[in-house]
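Visitor: make a model of this:
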Amino acid sequence: MKKTMKLFGIAFMALSLTLTSCSKDGDDGLDGAQGEQGIPGTDGQDGEDGEDGNANVTSLLLEDQTISTGDNVYDVSELTQEIFDTGFVFAYVTVNGNDYWETLPLSISQQIILEIDKIELGRITLRSTFTQSNLRLRFIFVEARSLSSKIANKNVQKMSYEEAMDYFELDY
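Guide: Numbering: from 1, shown residues only. Below is the predicted model of the structure:
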């Protein structure tokens, strides 16, 4: 046991001496000259086609809108029979000049002040408790087949404007 402890002590001292005896003397030298550009590699094999993009998602922007107290009806040809039967409609509002969009329903102090009241074939009715002009409205129409693979992965009904635009690969 004494021999093992003595051997361990000598090994520890040697290791400590080795690790602490090295020091940095002087400044680093300058980097060498940039080497030549290498030859280009060969093209790889083409991969398989991916899933189709957002062909079944439509975005409609309405500029300079005035919302009045009560029902506000918008005729929208983008609201097709398929979207009406099985799809989704998202709605957003902002005042011209703002750098953000708000998701409908819009509420203040836990009171809904603007919401989608009715969705009909080719028509959307918004219900408002205020009157305001200079608004921008954005509707996103999503056919059910474009949601089939995505809906399982994310709760699309609770998305912000930016999240929905990114998720469905639409331009802002």
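
Visitor: the nearest residue in space to residue 104 that is not next to it in sequence pairs with what?
Guide: Counting by Cβ to Cβ, 6 or more residues apart in numbering, residue 91 is the residue found nearest to residue 104 once chain neighbours are left out, at 4.1 Å. (Glycine included, C-beta is placed from N, CA and C.) Beta-bridge pairing of residue 91 under DSSP bridges involves residue 139.

Visitor: helix or strand right after the helix or strand of the chain with the lowest mean pLDDT?
Guide: Scoring the helices and strands of the chain by mean pLDDT, DSSP states H and E places helix 144-147 at the bottom, with a mean of 58. Moving toward the C-terminus from helix 144-147, the first helix or strand encountered (DSSP states H and E) is helix 161-167.

Visitor: report the backbone C-alpha coordinates of that following helix in PDB.
Guide: Extracted C-alpha coordinates of helix 161-167, given in PDB (Å, rounded to 0.1, in the frame of the first residue of the first chain):
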ATOM      1  CA  TYR A 161     -50.200  36.700 -38.500                       C
ATOM      2  CA  GLU A 162     -46.400  36.200 -39.000                       C
ATOM      3  CA  GLU A 163     -46.600  32.600 -37.900                       C
ATOM      4  CA  ALA A 164     -49.400  31.800 -40.300                       C
ATOM      5  CA  MET A 165     -47.700  33.600 -43.200                       C
ATOM      6  CA  ASP A 166     -44.400  31.700 -42.500                       C
ATOM      7  CA  TYR A 167     -46.200  28.400 -42.000                       C
END
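
Visitor: which helices and strands does that helix pack with?
Guide: strand 132-142 (3 or more Cβ pairs under 8 Å, 6 or more residues apart in numbering; DSSP states H and E).

Visitor: show me what counts as buried in the strand it packs on.
Guide: Within strand 132-142, the residues scored as buried using 16 or more other Cβ atoms under 10 Å are 135-142.

Visitor: what's the answer for stretch 92-110, then?
Guide: In stretch 92-110, counting by 16+ other Cβ under 10 Å, buried: 92-93, 101-104, 106.

Visitor: so which of the residues you listed comes closest to residue 35?
Guide: Residue 35 lies nearest to residue 101 out of those, by Cβ to Cβ, at 50.3 Å.

Visitor: my guess is that closest one contacts residue 92. True?
Guide: Yes. Assessed by Cβ atoms under 8 Å, residue 101 is found in contact with residue 92 at 4.2 Å.

Visitor: so where's the chain uncertain?
Guide: Within the chain, the segments meeting pLDDT under 70 span 1, 8, 11-12, 14-26, 50-55, 145-158, 161, 165, 168-172.
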